[in-house]
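In: dropping the sequence and predicted coords here.
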Amino acid sequence: MEGSPGEGGRPVPAGSGAPRARLSAPAGGPGSAEALAALGAMGRRLLWLLPVYLAGVALYLGWRGRRRSKEQSLRAAGLVLGDEEAAVSATALGRSLGQSQSQLPAWVSFPDVEKAEWLNKILAQAWPFFGQYMEKLLVENIAPSIRASNTHLQTFTFSKIDMGEKPLRVIGVKVHTGLNKKQILLDLNISYAGDVQIDVEVKKFFCKAGVKGMQLHGMLRVILEPLIGNVPIVGALTMFFIRRPTLDINWTGMTNLLDIPGLSSLSDTMIMDSIASFLVLPNRLLIPLVPDLHEAAQLRSPIPRGIVRVYLMEAKDLQSKDKYIKGMIEGKSDPYAVVRVGTQVFTSKVIDENLNPKWNEMYEFIVHEVPGQELEVELFDKDPDQDDFLGRMKLDFGEVMQARVLEEWFPLQDGGRARVHLRLEWHTLMSDTSKLDQVLQWNKTLSTKPEPPSAAILVVYLDRAQELPLKKSSKEPNPMVQLSVHDVTRESKVVYNTVSPIWDDAFRFFLQDPTAEDIDIQVKDDNRQTTLGSLTIHLSRLLNADDLTLDQWFQLENSGPNSRQLDVIESANLGSSVDQPPRPTKASPDAEFGTESVIRIHLLEAENLIAKDNFMGGMIKGKSDPYVKVRLGGQKFRSRVIKEDLNPRWSEIYEVRVCKIPLRQVLSSKFVDEWLPLEDVKSGRLHVKLECLPPTYSAAELEQVLIVNSLIQTPKSEELSSALLSVFLDRAADLPVSGALNPMSCFLALFLPEVSSQTADPVWDEAFSFLIKKPHAESLELQVKDDGHVLGSLSLPLTQLLVAEGLVLDQWFQLNNASPTTQILMRVQLGLLVSQHSGVEAFHAVMGEDNEESSLKGSETELYIQEDGDSRSMQELRQRMPHANSNLELSDSPLGQLHLTVWYNIDARKLIAIIHACRYWLEKQNDIPDPYVSLILLPDKSRVTKRKTAVRKKTLNPEFNEKFEWDLTLEEAQRRKLEAYIKNSISFMSRGEPIGKVGDGCGDCQEFSFNSQWSPCKRGGGT
């Protein structure tokens, strides 16, 4: 018997048995062939899909390439916009023109600053000749002056002068136009990195030193003034650096030079500071272009543009620089500040171990050029060896001049999170004395450190002297001048070997009281011991001079018979205020004052929302946890989250104050009630109500507004506002002065802006508005403060507005805790927010004789609730109860009355009852009760429907004002009856003793409506 073929085609012996044949059959039988056929078919289908796949990959790669190209184009465009000059330099020049990136062609210009390549070409051509001029100037003028200045430098010479081949470059030019028609003002951004080499030698000490290379970078201001009608059109050039330039000099042999006697006290840093300061305002280089220029003195020492008072208040979050045990323990810092404007520098006191120091110091700076001059504040940590840098800030005085008063927290550069608190005040200068007395009087009230405030500045232009006496040795003197005002002394430069020196120098002094101060002028030899003449001028003479200026020769005392000195002395008063107009009797708000409205947003419900919570990869659909964000008038609100609900009900209310209503539909109809479809989703809509509430200036509606607000108030929303309070703060008069540094600021439930200048009669001219919940119980609290010190306060109960005509008070108000003359002028106006679409509507009987007769009979008034938005659906939910104003005899209600409000809120689907108060308890009581009210919703008497008020102790006229709610459908509410029981609380363990009830005998109650009235209480049992 032959065996069946086995695996691999090998025959299976007959003796191996049938089971092995059956087990091997699937491997080589028909089933294996079917599997291979299926795999082949799948492979062929994949081969058919391969071109599609490759095409998709190609499309994706192409899209990604285009995307990257677009992104690169956008980045390149951003770079061009962010740094146009760098982009032009890198592309147009580096690629197209093949030039250096640091050079731009003359046709490339940028806003405000223009290129001046033509000027650089002129400078490059003329630079060798400028070197010849400098060599001649140094050898013939500078060297003799240096030799005469010190006996140890009599052998001083310039051994080599080479200005190099690299000229000065002008990077950009900015022309200021429109400032003054008689001048041309240029700002030159200059840069000099030259290969200059200047060698000096002092042969007496075998000392050689010099300069080999120098860099100078800064903004040079050039003023062409005055413009004249003759050639050369420009009368003079004035040049100076507005801000201290960057100066770097490569010295050679400096150590040897500083070893010379008389120079040992100098240092490299001191020399650099002196050179840099000489180039900065108020120092000016005047180059007259015409002879006998009459304006030379004024151009050399012009009247400053203004005075800036800088109040260095405090700093916060300074870095800690003091560390101990190699940085393992972090300490604090000992901060101080350096306040600088050009060459004017002040240093504050050191605050030990404090990262939030308070200085409260004031400094005054003279400002010459605006815009241009900057305030620079640097903070340092005081250390025994080298002070650590804590940060710096800079501010252009143009911003201060525009704002007049600027107080901010300024961040510090390189200081981390550190900030410095500064207050800056701009004071203009006046050329008359009309405000001098006012300024002096105000300054007496200020207490500033380290110096008292100034009332004026004095500018002295020292021109020349003639025929000074010779020294005792019959040698010509080296005259210099000392000028002193109070305890401040200035010194002029020394002019060597002459009796008729020309100083051509200007000096400036701050004056605290120009009516009582003098200027003392001493002309001395350079050794400061020999006096060549003196002069004392009472500054009161300036107050009577024309333009507060004296321009003349002054005779010197204790000098030669013909010795005299020419000075130009000018004075200018600080102007800190303007003439005050007559005191107004009424505030003067603008036309928009009191025109604000309130938009009340009712967020009701939503339906058919999309389910966003899916489970198991979307196989099981869940629901959503929706909430709503509302934005209007710059305010944001967020509703509560409703868990797992696609048809949520929020019933929340928000209120927004708006001056100009942005919603056209609300503006036209004052009310919107709509289902709004949701955008960007497949389904869902939101039900909202928007109502515009313009203020109503009548107190008659207040009680109705309070009741309506209490009814529509939802548990999840804030208490609704019943009125809008508008306050216009005009000015104050005769405020007491605290003597602090800060000007007056005002608290009016929030900080009011500070006044524009320091004055006892500030003018704010600011309007504010507040939402008021309960006008009969709230008051307006106002405090006027000066740096935390209370100057006066005012508490104005809003009940005064409720009884005022038009709900407005416009008058001067007396401030408490101040003098009798200290008052504040403001207009306070209260407007009630009366809702016409709240869903609570009352329709009273027709007025007339019939109404009067029915009232006398104790008639019943029908009250309705209307569903807004559908005029056809008027649901007349009636509850017949005696009217509040009916003339009920006391015999009809021997137990008194209960003020009760009942209403069904259709939007919230709630039955609402408010227990207001009880009154007229006429039955004699042995003991005064502790009353409370219990409410029962019949026919159900279970605890679920029972409500009760709090207990009022020992009173016959209790005030409750408590609100209760029942979640009922409208159909269910129509089948209910509400009873109110007045009870006396006996003890904690026992039930209340019944006094009376309301609700029995009211008729069959079919439907609930809004009803707010006093109802008679009748005897009834408790439940």
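Out: Arrived safely, thanks for sending.

In: what's the mean pLDDT across stretch 35-44?
Out: Taken as a whole, stretch 35-44 carries a mean pLDDT of 72.

In: chain center to that stretch: distance?
Out: Centroid separation between stretch 35-44 and its chain, computed with Cα atoms, centre = their mean, to the nearest Å, is 75 Å.

In: repeat for stretch 436-445
Out: On Cα atoms, centre = their mean, the centre of stretch 436-445 falls 32 Å from that of its chain.

In: what comes up buried for that stretch?
Out: Neighbour-count burial for stretch 436-445, counted by 16 or more other Cβ atoms under 10 Å, picks out 436, 438-440, 442-443. Bear in mind the C-beta positions are built from the backbone N, C-alpha and C, glycine included.

In: ditto for stretch 608-628
Out: 609, 623-624, 626, 628.

In: narrow the buried residues of stretch 436-445 to those in helices?
Out: 436, 438-440, 442-443 (DSSP state H).

In: widest-spaced pair of the buried residues of stretch 608-628?
Out: The most widely separated members of the buried residues of stretch 608-628 are 623 and 628, with 16.3 Å between them, by Cβ to Cβ.

In: Three-state assignment for residue 118, please.
Out: helix (DSSP: H, G, I helix; E, B strand; the rest coil).

In: that one: neighbour count?
Out: 10 (other Cβ atoms under 10 Å).

In: check the one 4 residues further on too.
Out: For residue 122, the count of nearby residues is 13 (other Cβ under 10 Å).

In: what about stretch 140-154, how long is it end to end?
Out: For stretch 140-154, the first and last residues are 15 Å from each other (Cα to Cα, to the nearest Å).

In: list the buried ones in that stretch?
Out: For stretch 140-154, by 16+ other Cβ under 10 Å, it's 143, 146-149, 153.

In: could those residues go into TSV alongside pLDDT?
Out: Output for the buried residues of stretch 140-154, formatted as TSV (pLDDT from 0 to 100):
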residue	pLDDT
143	81
146	76
147	77
148	74
149	69
153	76
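
In: in the residues you listed, find the pair that's most separated.
Out: Spatially, the most separated pair among the buried residues of stretch 140-154 is 143 and 149, at 10.8 Å (Cβ to Cβ).

In: re the thing from before, between the ones in helices among the buried residues of stretch 436-445, which is nearest residue 383?
Out: residue 443 (37.5 Å).

In: wait, isn't residue 124 in contact with residue 168?
Out: No - the criterion here is Cβ atoms under 8 Å, and residue 124 misses it with residue 168 at 9.2 Å.

In: those two: which has the busier surroundings?
Out: Higher neighbour count among residue 124 and residue 168: residue 168, with 19 against 14, using other Cβ under 10 Å.

In: what's the pLDDT at residue 936?
Out: Reported pLDDT for residue 936: 85.

In: and it, what are its bridge partners?
Out: residue 979 (DSSP bridges).

In: burial count for it?
Out: Quick note: residue 936 (other Cβ under 10 Å) scores 21 neighbours.

In: what sits against it?
Out: 945-946, 978-979, 981, 1023 (Cβ atoms under 8 Å, 6 or more residues apart in numbering).

In: residues in contact with the closest residue to residue 705 other than its chain neighbours?
Out: Spatial nearest neighbour of residue 705, chain neighbours left out: residue 722 (4.7 Å); criterion: Cβ to Cβ, 6 or more residues apart in numbering. Neighbour list for residue 722: 702, 705-706, 709, 772-775, 832-833 [criterion: Cβ under 8 Å, 6+ apart].

In: let's see which of the residues you listed end up in helices.
Out: 702, 705-706, 709.

In: mind checking the pLDDT average for the helix or strand hosting residue 764?
Out: Assigned by DSSP states H and E, residue 764 falls within strand 763-772. Mean pLDDT, strand 763-772: 84.

In: count of neighbours near the closest residue in space to residue 353 that isn't next to it in sequence?
Out: When the adjacent residues along the chain are set aside, residue 353 lies closest to residue 332, with 4.5 Å between them (Cβ to Cβ, 6+ apart). When counting by other Cβ under 10 Å, one arrives at 19 neighbours for residue 332.

In: Three-state assignment for residue 332, please.
Out: coil.

In: got the contact list for it?
Out: Residue 332 is in contact with 320, 322, 353-355, counting by Cβ under 8 Å, 6+ apart.

In: ditto for residue 166
Out: 192-195.

In: end to end on stretch 944-954, go ahead and measure it.
Out: 29 Å.

In: swap that for stretch 944-959, sorry
Out: By Cα to Cα, one end of stretch 944-959 lies 25 Å from the other end.

In: buried residues of that stretch, list them for me.
Out: Buried, per 16+ other Cβ under 10 Å, within stretch 944-959: 945, 947-949, 951-952, 956, 958.

In: what about those, which are in strands?
Out: Residues of the buried residues of stretch 944-959 located in strands (DSSP state E): 947-948.

In: now the strands for the stretch 751-900 of the chain?
Out: Counting by DSSP state E, counting those that start in this stretch, the segments of the stretch 751-900 of the chain that form strands are 763-772, 779-786, 789-797, 808-814, 823-833, 897-905.

In: mind listing what the last one pairs with, with the direction of each?
Out: Taking DSSP bridges as the criterion, strand 897-905 sits next to strand 910-919 (antiparallel), strand 1011-1016 (antiparallel) in its sheet.

In: worst mean pLDDT among those strands?
Out: strand 1011-1016 (a mean of 58).
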